[in-house]
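Trainee: based on what follows, work out the 3D shape:
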Amino acid sequence: MNKYLAASAVIATAMTVPYMAFAQSETVKQIQERGTMLCSGHNGSYFGFVEVNDKNEWKGLDIDLCRALTTAILGDPDKNQIVPLSWAQRFPALQSGDVDVIIKATGWTMGRDTELGLQFSLPYFFGGTQFMAHGDLGITKAKDLAGGTICVEAGTTIERLAASYLQTINVEHNMVSYESAAELRSAYLANRCDAFAGWGPNLAVTRATEIDDPEAHVILSDQLSSEPISAAMRQGDEGFVDTVNWMLAALLIAEEEGITSANVEEMAANPANPRVARLLGVEPGMGERLGMRDTWAREMIAAVGNFAEIYDRNLGEDSPYKLDRGLNNLWSHGGVLYAPILD
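Mentor: Numbers count the residues shown, from 1 in each chain. From the prediction side, this is the model:
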């Protein structure tokens, strides 16, 4: 009976004590006090993700996500500083505080998660191995490669993935390996192979920047593998992980609800449903939980657009690369991207 009474008292107390507001992230506090977001760049251009245009301005999918996060926290997409980093420099720079977050085509792996003192966001991109083929062959899917010649770079995981995939779908083929990426591209462009295998975004860049007639080549929709690409943060600040995750979620929810940079203010003035009202700060709560303004998502969408707008201008149909979204579409459109429940 004593145990029963004690348990009842605990339950009753829990029901009467109001939920405490979440403590603000220490990283968010530092960014707000500094007035600048420190984001990772690249020591050069990593096309489609982090690159410098002819006006010496940073652009790319990862740069736009940095601008989105900067707007969410500071209210202005231009209050960021892009720190050029090599691949090897990115994690030491994060650990030392030289940058606040790594948004730089970074794969989420167990080793990085457990051994480097890092935490990762929800994946915002899935980069898989794909094939690119000569368009005049009428090839639209890997099944059409039967009897063809496939070029790959020797000694890579792509070589094994391509061979295994084609074997799995019972496609007889001739595979030719080359020692370097340059030799591989030259062989393909010289029509010594019908298709070649590579990382999807890199295939799109090759088609757009190294081929005289990009429209004469097609990237097949088959995905041979998929690597989750996420933002990386220092361990120990769960509030900042929440902030980054909900920044990404807000961009996806905006796409789901048809909210764009062009109509966001109109949608805020006349929300289509309670989810839109919460997202755009018409209904309070979107900011307090993260220690920010209730209108942070509205301001962010106005500045950079929803996820589809960001993808299309940097990698998709409005970019030079024309990379089909594939897995990087919303779950409701055949992809794997989704947002947590906004309650």
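Trainee: break this protein down into its domains, please.
Mentor: Using automatic domain parsing, the domains assigned to the chain come out as 26-126+228-333, 129-225.
Trainee: which of those is buried the deepest?
Mentor: Greatest average neighbour count among those goes to domain 26-126+228-333 (a mean of 19), per mean count of other CB atoms under 10 Å. In this view, the C-beta of every residue, glycine as well, is placed from N, C-alpha and C.
Trainee: what mean pLDDT would you report for it?
Mentor: Domain 26-126+228-333 carries an average pLDDT of 95.
Trainee: what about that domain, how long is it end to end?
Mentor: Distance across domain 26-126+228-333, first residue to last, is 37 Å (CA to CA, to the nearest Å).
Trainee: just to revisit the earlier point, turn the domains of the chain into JSON lines, columns for distance to residue 340.
Mentor: Formatted as JSON lines, the domains of the chain follow (distance: least, CB to CB, whole Å):
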{"stretch": "domain 26-126+228-333", "distance to residue 340": "6"}
{"stretch": "domain 129-225", "distance to residue 340": "24"}
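Trainee: could I get stretch 295-315 in CSV with only the CA atoms?
Mentor: The C-alpha coordinates for stretch 295-315 follow below in CSV (Å, rounded to 0.1, in the frame of the first residue of the first chain):
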residue,chain,number,x,y,z
THR,A,295,9.0,33.7,-36.8
TRP,A,296,12.5,32.2,-37.4
ALA,A,297,11.2,29.6,-39.9
ARG,A,298,9.2,32.2,-41.8
GLU,A,299,12.2,34.5,-42.1
MET,A,300,14.4,31.6,-43.2
ILE,A,301,12.0,30.5,-45.9
ALA,A,302,11.7,34.1,-47.2
ALA,A,303,15.4,34.3,-47.4
VAL,A,304,16.4,31.0,-49.0
GLY,A,305,13.2,29.2,-50.0
ASN,A,306,12.0,25.7,-49.1
PHE,A,307,14.1,22.6,-49.6
ALA,A,308,13.0,22.1,-53.2
GLU,A,309,14.0,25.7,-54.1
ILE,A,310,17.5,25.2,-52.5
TYR,A,311,18.0,21.8,-54.3
ASP,A,312,16.8,23.0,-57.7
ARG,A,313,19.0,26.1,-57.9
ASN,A,314,22.1,24.3,-56.8
LEU,A,315,21.9,20.7,-58.1
